[in-house]
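Undergrad: coordinates only, sequence not included:
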């Protein structure tokens, strides 16, 4: 989330003290930080960054306020359970609205996708271009710019959803052209939502769950809070033989320990929370399973043994298949 740099600016240069200014000469840094925080709060302290393109403009990174706080569960499942009922749920549910939500590339942030689509339909305006998002201050001096950069990245959580945005921002050695070099360097809080097939979108060269592709130490050296939400439909477990990797819901305790131990080693100074389905042999049925993390700063939340609802492609664009084996003995054939 950039601020416009002063002309001839270098982050390595030492700025003038500006003590003749009432802002720097009279207000202590703590008070200035409080003022900066209120400015960022007006834009939103949690922002989606996503790759956007249409027929009229070049592709670009854009930002949009996040409408949903990070939640280790899946609110879609909770609401659909209320619709279907738990006693004798149907195998299929025909509902166009919920099909879009279950099939959303924004995953647990489906509310945010709905908001932006509705806003575009109502106003016709595209989302805000990333490089213009915080260009409103036009920081006139180096000291103000540096303080704003530090405050902004310390206060804001950046949310990445969808394989295109992830690949464009994290799946390359250099940032996308319209992403300022300082962005990845200064970011402190990052949230990532991964589709179950993220391995097939150019993000991963080897095993998708070794997380080396995140390059935490290189790309986001100052990240101190990382949240990862992983989708894993339950039917992946029955089709594991057709996959080029072992799905996370089929990994045993030892394999999971290895995965999350390496993730914790990559970023020992970062608080990491992961929400993902895990195999039936990994207890409890739902809840934190920190025994497989082996690091105090890594926390794993198990969302049952597979996501219950799955929007399966079919001639009916409002069809949702339900993983009914989670309810009882009845199985679905895929």
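TA: Everything's here; your move. All of these numbers come straight from a predicted model, not from anything done at the bench. Residues are numbered from 1 along each chain as shown.

Undergrad: separation between residue 300 and residue 107?
TA: 18 Å (C-beta to C-beta, to the nearest Å). In short, each C-beta sits where N, CA and C put it, glycine included.

Undergrad: Which of the helices or strands spans residue 226?
TA: strand 225-230 (DSSP states H and E).

Undergrad: tell me which residues in the following helix or strand past that strand are buried?
TA: Counting by DSSP H and E, the next helix or strand C-terminal to strand 225-230 is helix 253-266. Across helix 253-266, burial judged by 16 or more other C-beta atoms under 10 Å covers 256, 259, 260, 263, 264, 266.

Undergrad: next helix or strand past helix 253-266?
TA: In the C-terminal direction from helix 253-266 (assignment by DSSP H and E), the next one is strand 271-276.

Undergrad: so what secondary structure elements neighbour that following strand?
TA: strand 225-230, helix 253-266, strand 298-303 (3 or more C-beta pairs under 8 Å, 6 or more residues apart in numbering; DSSP states H and E).

Undergrad: lowest-confidence stretch among these?
TA: Lowest mean pLDDT within the helices and strands packed on strand 271-276: helix 253-266, a mean of 90.

Undergrad: And residue 187, how close does it get to residue 100?
TA: In terms of C-beta to C-beta, residue 187 sits 30 Å off from residue 100.

Undergrad: Between the two, which has more neighbouring residues?
TA: Taking other C-beta atoms under 10 Å, residue 187 and residue 100 do not tie; residue 187 has more neighbours (23 against 16).

Undergrad: Got phi/psi on the more buried one?
TA: phi -60, psi 140 (degrees, to the nearest 10).

Undergrad: That one against residue 158, yeah?
TA: Yes. Counting by C-beta atoms under 8 Å, residue 187 does reach residue 158; the two are 5.9 Å apart.

Undergrad: what packs against the strand holding residue 226?
TA: Short answer (3+ C-beta pairs under 8 Å, 6+ apart): strand 225-230 packs on strand 189-194, strand 271-276.

Undergrad: Out of those, which is the most enclosed?
TA: strand 189-194 (a mean of 22; mean count of other C-beta atoms under 10 Å).

Undergrad: Okay, buried residues for the helix or strand following that one please.
TA: Note on strand 189-194: by DSSP H and E, the next helix or strand toward the C-terminus is helix 216-219. Residues of helix 216-219 classed as buried under the neighbour-count rule (16+ other C-beta under 10 Å) are 216, 219.

Undergrad: now what about helix 216-219, what contacts it?
TA: When contacts are defined by C-beta atoms under 8 Å, 6 or more residues apart in numbering, helix 216-219 is touched by residues 170, 184, 223, 226, 266, 267, 270.

Undergrad: how about the helices and strands packed on strand 271-276, which one is nearest residue 210?
TA: Ranking the helices and strands packed on strand 271-276 by their distance to residue 210 (criterion: C-beta to C-beta) puts helix 253-266 first, at 6.2 Å.

Undergrad: contact partners of the closest one?
TA: Taking C-beta under 8 Å, 6+ apart as the rule, helix 253-266 contacts 209-212, 214, 216-217, 246, 248, 251, 272, 274, 278, 281-282, 292-295, 297-298, 300.

Undergrad: among those residues, which ones are buried?
TA: Members of those classed as buried by 16+ other C-beta under 10 Å are 209, 211, 214, 216, 248, 251, 272, 274, 278, 282, 292-293, 298, 300.

Undergrad: Quickly check the residues you listed for the two that are furthest apart.
TA: Among these, 216 and 282 lie farthest apart (C-beta to C-beta), at 24.4 Å.

Undergrad: List the contacts of stretch 25-40.
TA: Counting by C-beta under 8 Å, 6+ apart, 18, 19, 23, 24, 137, 147, 148, 151, 152, 155, 156 sit against stretch 25-40.

Undergrad: ok, the fourth one to residue 146 distance?
TA: From residue 24 over to residue 146 the distance is 12 Å, taken as C-beta to C-beta.

Undergrad: by contact count, what packs against the helix or strand hosting residue 48?
TA: Using DSSP H and E, residue 48 sits in strand 46-52. Contacts defined by 3+ C-beta pairs under 8 Å, 6+ apart place strand 46-52 against strand 60-65, strand 157-161, helix 163-170.
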